[in-house]
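Student: Everything below, folded, please.
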Amino acid sequence: MKITLSTTCLRWARERASLSVSDLASKMHVSEDKVQQWEECGTLTLAQADKLAHVTHTPIGYLFLPEPPVEQLPVTDFRTVGTQSINKISPELIDTMNDALRRQDWYRDYAESNGAHPFAYIGSLQVTGDIVKAVAHIRGVVDWDEEIRSQSATWEKALAQQIEAIEEAGILVMRNGVVGNNTSRPLEVSEFRGFALSDPYAPLIFINNKDAKSAQMFTLAHELVHLFIGVSGVSNLNQTYAPDDQTEQFCNKVAAELLVPLNDLKRQWNNMSASKDVMTRLVKHFKVSELVILRRLQDADILTTNQFQMRYTDALAQLFTGKKVSSGGGDFYRTLRTRLGRRFASAVAESVLEGTTLYRDAYSLLGVSNADAVRKLAREVGVAA
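Tutor: So this is what the prediction gives:
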């Protein structure tokens, strides 16, 4: 059956998925001339339109519109390049956020049905507040211990310990580098590093696991502050100094003090400054990127503005050329626990085993396809199955 669609929408769907004409032709198993013909005249079969929607991860209904829709994220978009806002929103970011919102909705219902009370700390800070007092307030809720972090053998362990402390405070923390479990749909660090979904019953932090572990630590702290001010949003955090936005500036300043307290930094600097590898030692101690350490050294008046600018540019180049974290491989259920977060996965597993949630609903929530997988994940997160 032949149909005629808007050529603008057909081209938009391809470009939205960051596919060239050649890429789309390959995925559709047609010639490049055929793709160009579609985009010039809009005529193709219904089956082809359905497949095109599938390979471009575009809702099929969008292809039948006269003009492409203006897509917007359901939360505030704080992403910038320099001082300019980012306009492009990939299907991967949209699908990832929609999955997180769906899981948040389920968890909110689960928490309320089990008699949970709203968390008083959500929205308890103001962006005009004192930075040091804000950090003290957060520490009163979340067990954020620099000493434990500095003594962790690896970056992964340090990050895992910090996430565990945040989840103990009632916050859902999810880390993934792909859409769901689809390794052919990676999340781009250049597009976003994380987002926070504020909710009094189901606060949620999502971290792009494609990012370097040192960068993830700062994102984790930054998104945590977003929850304490009660503002949902997505961030790319290309710089540890935020653009001209009061919310992002506050979140970054609090995150920096939370991760690298100035008083502790000055003590460590006095002890290490004579060493040739002082930066390496400071990075290892605080378990943050060199970018964050440089920023705090400037805050402490140890580095001048010119020294900071020169060293920051070099460190930024090294970070982007460094090895990124793989989101695939290894034990599937251990990886899935990281992607979903222990708190969320445990809640779904318990609800299923108690008979409150149907297995078929759990499959969608957990990203698995059968009851045996649910039981294996339940064992992985410590729920008897």
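Student: Now Tyr359: closest residue in space that isn't a chain neighbour?
Tutor: Excluding the flanking residues, the one nearest Tyr359 by Cβ to Cβ, 6 or more residues apart in numbering is Ala371, at 5.2 Å. All C-beta atoms are positioned from the backbone trio N, CA, C, and that covers glycine.
Student: What separation is there between that neighbour and Ser364?
Tutor: Distance, Ala371 to Ser364, by Cβ to Cβ, to the nearest Å: 13 Å.
Student: And Ala136, by the same measure?
Tutor: According to Cβ to Cβ, Ala136 stands 41 Å off from Ser364.
Student: for Pro118, same thing?
Tutor: 26 Å.
Student: How about Gln126?
Tutor: Note on Gln126: its distance to Ser364, by Cβ to Cβ, is 38 Å.
Student: and what of Cys41?
Tutor: For Cys41, the distance to Ser364 equals 38 Å [Cβ to Cβ].
Student: same thing with Leu125?
Tutor: Distance of Leu125 to Ser364, computed by Cβ to Cβ: 35 Å.
Student: These two: who's more crowded?
Tutor: A count of neighbours by other Cβ atoms under 10 Å puts Leu125 above the other of Leu125 and Ser364, at 22 against 13.
Student: which ones are touching that one?
Tutor: Taking Cβ atoms under 8 Å, 6 or more residues apart in numbering, we find Leu125 in contact with Ala134, His137, Ile138, Val225, Phe228, Ile229, Val254.
Student: ok, of the residues you listed, which one's closest to Arg360?
Tutor: Taking Cβ to Cβ as the measure, Arg360 lies nearest Phe228 of those, at 36.5 Å.
Student: For that closest one, give me its contacts.
Tutor: Contacts of Phe228 by Cβ under 8 Å, 6+ apart are Tyr121, Ile122, Gly123, Ser124, Leu125, Ala134, His137, Ile138, Val141.
Student: how about 7 Å then?
Tutor: When contacts are counted by Cβ atoms under 7 Å, 6 or more residues apart in numbering, Phe228 touches Tyr121, Ser124, Leu125, Ile138.
Student: How about Gln298?
Tutor: Contacts of Gln298 by Cβ under 7 Å, 6+ apart are Thr305, Phe308.
Student: same check, this time on Val348
Tutor: Thr357, Ala362, Leu365, Leu366.
Student: Helix, strand, or coil at the first one?
Tutor: When the structure is split into helix, strand and coil by DSSP: H, G, I helix; E, B strand; the rest coil, Thr357 lands in coil.
Student: Strands along the chain, start to end?
Tutor: All strands of the chain, identified by DSSP state E, fall at 2-4, 43-45, 76-77, 80-81, 84-85, 172-176, 178-179, 182-186, 194-197, 204-208, 233-235.
Student: what are the pairing partners of the last one, and which direction each?
Tutor: According to DSSP bridges, strand 233-235 forms sheet pairs with strand 76-77 (parallel), strand 194-197 (antiparallel).
Student: Could I get the phi/psi values of Val368?
Tutor: phi -120, psi 170 (degrees, to the nearest 10).
Student: That one: what's it in contact with?
Tutor: For Val368, the contact set (Cβ under 7 Å, 6+ apart) comprises Val374, Leu377.
Student: Apply 8 Å and report the result again.
Tutor: Residues near Val368 by Cβ under 8 Å, 6+ apart: Leu336, Ala362, Val374, Leu377.
Student: again, but for Glu147
Tutor: Taking Cβ under 8 Å, 6+ apart as the definition, Glu147 has no contacts.
Student: and what of the one 5 residues further on?
Tutor: Listed by Cβ under 8 Å, 6+ apart, the contact partners of Ser152 are Ala158, Gln161, Lys287.
Student: Skipping adjacent residues, who's closest to the first one in space?
Tutor: Translated: Ala158. Sequence neighbours aside, Ser152 is the residue nearest to Ala158 in space, at 3.7 Å (criterion: Cβ to Cβ, 6+ apart).
Student: Okay, and which of the contacts of Leu125 map to helices?
Tutor: Those of the contacts of Leu125 mapping onto helices are Ala134, His137, Ile138, Val225, Phe228, Ile229, Val254, per DSSP state H.
Student: quick one on the thing from earlier: between the contacts of Ser152, which sits nearest Ser235?
Tutor: Each of the contacts of Ser152 was checked against Ser235 using Cβ to Cβ; the closest is Lys287, at 19.9 Å.
Student: Phi and psi next, for Pro66.
Tutor: phi -70, psi -30.
Student: Next, count neighbours for the residue nearest to it when sequence neighbours are not counted.
Tutor: Nearest residue to Pro66 in three dimensions, chain neighbours excluded: Ser6, at 5.5 Å (Cβ to Cβ, 6+ apart). For Ser6, the neighbour count with other Cβ under 10 Å is 16.
Student: And Ser6, how far from Glu67?
Tutor: Ser6 is 7 Å from Glu67, where distance means Cβ to Cβ.
Student: Would you mind listing the residues touching both of the two?
Tutor: Counting by Cβ under 8 Å, 6+ apart, nothing touches both Ser6 and Glu67.
Student: wait, what's in contact with Tyr201?
Tutor: By Cβ under 8 Å, 6+ apart, the neighbours of Tyr201 are Tyr107, Arg108, Ala111, Glu112, Ala116, Pro118, Phe119.
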